[in-house]
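Undergrad: here is my input; please provide its structure:
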Amino acid sequence: MPVKNINQARGSATGRPIMVLLDMLGKRWTLRIMWELRDRPLTFRELQKQCGDISPTTLNSRLRELRDFEIISHDTGGYSYTALGAELGAQMTKLDNWSSKWASELDN
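TA: Numbers count the residues shown, from 1 in each chain. Just a heads-up that it's a prediction; the model follows:
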């Protein structure tokens, strides 16, 4: 399936990949969905439960976008990271670790 709007990002006319990525990740619920998929594949219902009050329509929309950008895939086991998604997930874990250090520095 071709990637949709790869050259378009809200607030950016450049179409640079980083801007497209940050635009996608900045949409409500996208990071939460990715975070919930970090350890194991989840079905639609499991993801909806893990994400709390996300509507089925929004979850469907975000999952479709993540699939279109080849960050996640779907099979009989549920939704899971692709190889590219796993790389991005690893970077998110590093960012989570850094943010914990940053927060503790701010508390001092």
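Undergrad: this structure: helices as residue ranges?
TA: 17-25, 30-36, 44-50, 56-68, 83-107 (DSSP state H).
Undergrad: who's in contact with the fourth one?
TA: The list of residues contacting helix 56-68 from outside it, by Cβ atoms under 8 Å, 6 or more residues apart in numbering, reads 1, 3-4, 24, 27-30, 33-34, 44, 47-48, 51, 72-74, 79, 85. For every residue, glycine as well, the C-beta is placed using N, CA and C.
Undergrad: pull out the buried residues from that helix.
TA: Thr58, Leu59, Arg62, Leu63, Glu65, Leu66, Arg67, Asp68 (16 or more other Cβ atoms under 10 Å).
Undergrad: can you lay out these as TSV showing pLDDT and distance to Met92?
TA: Supplementary listing: those in TSV, determined by pLDDT from 0 to 100; distance: Cβ to Cβ, whole Å:
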residue	pLDDT	distance to Met92
Thr58	97	20
Leu59	98	19
Arg62	97	15
Leu63	97	17
Glu65	94	17
Leu66	96	13
Arg67	96	18
Asp68	92	19
